[in-house]
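Visitor: Structure for this input, please:
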Amino acid sequence: MSAVLAKLPMAAFRDLLAGLGFQRVETLIQSGNAVFEAEGSAPELETAIRDAVAAAHGFAPEVFLRSAEEMAAAATDHPFAVAEGKQVHVFFLRGLPDLDQDRLTAFAAPGDAWSVAPGRMTLFLPGGIGRSKLAERLMRLLPPNTARNLNTVAKLAEMAAR
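Guide: You can find the predicted model right below:
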């Protein structure tokens, strides 16, 4: 199976979300992230967004919605110092992970650490995510997910709080 990378310009994404009737639509750089107000349940809105992107752009991305409160918690509710936001990564999860701590420890580099909370797993990777065997392995062990570094999570939480 091969992965297909598709690009969705943020201006087109904002227009798409506004076209769905969402209010106060704002995107964060070319990150694939948006903050908006909308009526409906998260699963309904995720499906609407995925289907609209598929219809307009020919690919159906995984869509993860989180409330402003959930984003604020993701930005602050973890045991890691925030000295370097690029070293802390939040994996937003579709379901609960069933992780064997011993297996995770076997792939962890010195200093790597993690914390699990409802709907997310937060990793501290002082060597960076790109070279992390733990992060690579997690992508195969976790339920459907998307990851953002703590700087991005904090900015999204700030945007959502306005």
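
Visitor: Find the residue closest to P9 in space, skipping its chain neighbours.
Guide: Q30 (7.8 Å; C-beta to C-beta, 6 or more residues apart in numbering). Yep, even glycine has a C-beta here, placed from its N, CA and C like the rest.

Visitor: wait, the one you found sits on A11?
Guide: No: the pair Q30 / A11 is not scored as a contact, 10.2 Å apart, by C-beta atoms under 8 Å.

Visitor: Distance from the chain centre to the helix ranked longest in the chain, please.
Guide: The longest helix of the chain (DSSP state H) is helix 42-57. Put simply, helix 42-57 sits 16 Å off its chain's centre (C-alpha atoms, centre = their mean, to the nearest Å).

Visitor: ok, back up a step: based on its surroundings, how many neighbours for the residue nearest to P9?
Guide: Neighbourhood size, Q30 [other C-beta atoms under 10 Å]: 11.

Visitor: ditto for L150
Guide: When neighbours are defined as other C-beta under 10 Å, L150 has 24 of them.

Visitor: The one 3 residues further on now?
Guide: V153 has 27 neighbours, counted by other C-beta under 10 Å.

Visitor: tell me what the helix or strand encompassing it is packed against?
Guide: Assigned by DSSP states H and E, V153 falls within helix 150-161. The contact analysis (3 or more C-beta pairs under 8 Å, 6 or more residues apart in numbering; DSSP states H and E) places helix 150-161 against strand 23-28, strand 33-37, helix 68-76, strand 88-93.
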